[in-house]
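Trainee: Next one to model:
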Amino acid sequence: MKKITLFSDGSALGNPGPGGYGAILRYGDKERIISGGEAHTTNNRMELLGVIEGLRALKEPCDVTIISDSSYVIRGINEWLEGWVKRSFAKVKNPDLWQEYLLVCAGHRINGVWVRGHNGHPENERCDIIAKEAAEKFKKGLNN
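Mentor: From the prediction side, this is the model:
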């Protein structure tokens, strides 16, 4: 199984407001950058969508370390998701995205790692810039 590192961040200009996500997939010395966003969304949705789109880009089952500054995403993956599934996502925010996460993570071995945001972590800082640039495009209507 290939060992992949997925760095991810999300941004919303206003919460809700225009938002973007940025993800960096790393395999050995190869990197792939993924970004996108939505015109009206929340920061947490963009944090999670960055992870989803990063995983969606993988073409085969992998051993994936997800690195994010979102405690919502990392704790969701590592601690809360099993209980949410048992409760059919009752009273869970963003159940549509969590269900999508379940689809795209199937077959992968996932380990979520939280890092402090805006603390000099190089890839986290890069993802933050990518996410904010994507959000700005949606704010300016340049996402076409």
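
Trainee: List the buried residues for the lowest-mean-pLDDT helix or strand in the chain?
Mentor: Least confident helix or strand of the chain, by mean pLDDT, DSSP states H and E, is helix 122-140 with a mean of 93. Within helix 122-140, the residues that count as buried by 16 or more other CB atoms under 10 Å are 123-128, 130-132, 134-139. No exception for glycine: its C-beta is placed from N, CA and C like everyone else's.

Trainee: Over to stretch 18-37?
Mentor: Neighbour count says stretch 18-37 has 18-26, 34-37 buried, by 16+ other CB under 10 Å.

Trainee: what's the answer for stretch 67-86, then?
Mentor: 67-70, 72-74, 76-77, 81, 84.

Trainee: Any chance of a markdown table for those, columns secondary structure and distance to residue 111?
Mentor: Below are the buried residues of stretch 67-86 laid out as a markdown table (DSSP: H, G, I helix; E, B strand; the rest coil; distance: CB to CB, whole Å):
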| residue | secondary structure | distance to residue 111 |
| --- | --- | --- |
| 67 | strand | 10 |
| 68 | strand | 12 |
| 69 | coil | 16 |
| 70 | coil | 15 |
| 72 | helix | 17 |
| 73 | helix | 13 |
| 74 | helix | 10 |
| 76 | helix | 14 |
| 77 | helix | 9 |
| 81 | helix | 13 |
| 84 | helix | 19 |
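
Trainee: all strands in this structure, in order from the N-terminus.
Mentor: 2-12, 17-27, 30-41, 62-68, 109-114 (DSSP state E).

Trainee: and for the fourth one, what are the contacting residues?
Mentor: Translated: strand 62-68. Applying CB atoms under 8 Å, 6 or more residues apart in numbering, the external contacts of strand 62-68 come out as 1-9, 47, 50-51, 54-55, 58, 73-74, 77, 108-115, 121, 123-124.

Trainee: now the end-to-end length of stretch 87-102.
Mentor: Taking CA to CA, to the nearest Å as the measure, stretch 87-102 stretches 15 Å from start to finish.

Trainee: no, scratch that, I was asking about stretch 103-112
Mentor: 17 Å.

Trainee: What distance do you get for residue 119 to residue 132?
Mentor: Applying CB to CB, to the nearest Å, the value for residue 119 to residue 132 is 17 Å.

Trainee: typo on my end, it should be residue 69
Mentor: Residue 69 is 13 Å from residue 132, by CB to CB.
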